[in-house]
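quick one: sequence plus predicted model below, questions after.
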Amino acid sequence: MADQLLSSNADTVTGAVEVSDSPADCGKPDAANQDPFYGNAKDYWAGIPATVDGMLGGFSHISSTDVAGSTKFLRRFVSGAGAKTSKNRALDCGAGIGRVTKMLLLPLFKCVDMVELTQSLLDEAPKYLGEDNAKRVERFICSGLQDFSPEPNRYDVIWSQWVLGHLTDEDLVEFFKRCKVGLTPNGLICVKENIAPTDEAEFDEKDSSWCRGRGALAQIFEAAGLKIVREEKQKHFPKSIYEVRIFALQ
Ligand SMILES: C[S@@+](CC[C@H](N)C(=O)[O-])C[C@H]1O[C@@H](n2cnc3c(N)ncnc32)[C@H](O)[C@@H]1O
């Protein structure tokens with residue numbers, strides 16, 4: 001994702017901490033994770049500084065614009081007269097140190113769970129979030145999304161941002177199907193990702209991720225039985241980076 005941004009035109013404090021038996025290795029030692037596609041991504045992220053700049057590939061200056069766009073997008077579903085989705089609990093997927101959890105989800109929801117592949121990033125999260133915020137993160141889950149199944153009926157919103165390019169198409173369809181099970185009634189899956197300029201997916205060798213075109217993403221949503229209920233292009237990002245879109249799915 002680091003290069004994707006640049007290229008183209010670019011026991012926690014309160015709750016139970018769920019961590020792997022081996023803190024250095026959150027992925028399961030199964031066949032999928034011996035696949036170089038997943039292994040290379042894992043190695044890449046294990047070497048990235050646990051900072052906002054690390055999370056955004058050197059683009060920390062776009063974080064506030066990103067969060068403002070996401071907040072405006074999500075608010076209409078969870079607050080105000082027409083809101084249908086409850087504000088109890090959200091899940092942050094590919095959460096890193098918790099930038100999205102801290103800036104977007106905790107201000108809107110009572111509590112948040114974080115799921116993240118890289119133990120060193122998750123370890124930094126309580127410090128980055130701050131003591132009061134960290135108390136409202138119920139679960140810090142160390143897992144690849146390809147191996148993760150949300151607990152049924154637990155989340156009002158499942159938010160995935162700048163991470164889904166790390167899953168194969170097949171694994172992404174299956175991940176979305178499991179996310180549907182994890183939603184409360186009227187719950188929402190939100191996806192915020194870079195969009196390739198053509199229908200051809202672009203592969204980033206450096207972090208081992210795909211940047212998909214809008215059509216490919218829409219096909220994956222459909223294959224998982226999800227409908228797009230709202231879609232927006234993120235405004236005010238630098239022209240030099242990929243277009244970024246936010247989708248709300250049910
Ligand atoms: C570009 S960062 C984005 C972090 C966060 N979503 C944000 O916007 O600040 C990508 C994150 O996805 C994590 N990641 C990479 N592959 C993953 C996978 N298969 N499952 C879960 N997390 C993954 C990385 O460790 C990293 O924290």
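Great, that's in hand.

so the residue minimising distance to the centre of the chain is in which element?
Centroid-nearest residue in the chain, with CA atoms, centre = their mean: Ser160, separated by 2.6 Å. Assigned by DSSP states H and E, Ser160 falls within strand 155-161.

list of residues touching the helix or strand following that strand?
Following strand 155-161 in sequence order, the next helix or strand is helix 169-182 (DSSP H and E). For helix 169-182, the surrounding residues in contact (CB atoms under 8 Å, 6 or more residues apart in numbering) are 32, 91, 145-146, 148-155, 158, 164, 167, 189, 216, 220-221, 223-226, 249. Backbone N, C-alpha and C define where each C-beta goes, glycine included.

give me the buried positions along the helix or strand following helix 169-182.
Downstream of helix 169-182, the first helix or strand assigned by DSSP H and E is strand 183-195. By 16 or more other CB atoms under 10 Å, the buried positions in strand 183-195 come out as 183-184, 187-195.

list the helices and strands strand 183-195 packs on?
Secondary-structure packing of strand 183-195 (3 or more CB pairs under 8 Å, 6 or more residues apart in numbering; DSSP states H and E): helix 63-78, strand 155-161, helix 169-182, strand 209-211, helix 214-223, strand 243-249.

and with 6 Å instead?
strand 155-161, strand 243-249 (3 or more CB pairs under 6 Å, 6 or more residues apart in numbering; DSSP states H and E).

residues from the chain in reach of the ligand?
1, 41, 45, 55, 94-96, 99-100, 116-118, 121, 144-146, 161-163, 166-167 (CB under 6 Å from any ligand atom).

repeat that for 5 Å
1, 41, 45, 55, 94, 96, 99, 117-118, 121, 144-145, 161-163, 166 (CB under 5 Å from any ligand atom).

and which of these is nearest to Ser208?
Nearest to Ser208 out of the residues of the chain next to the ligand is Ala41 (CB to CB; 4.1 Å).

quickly find the element holding that closest one.
With DSSP H and E as criterion, Ala41 is part of helix 36-46.

which ones are touching Gly58?
Not one residue lies near Gly58 by CB atoms under 6 Å, 6 or more residues apart in numbering.
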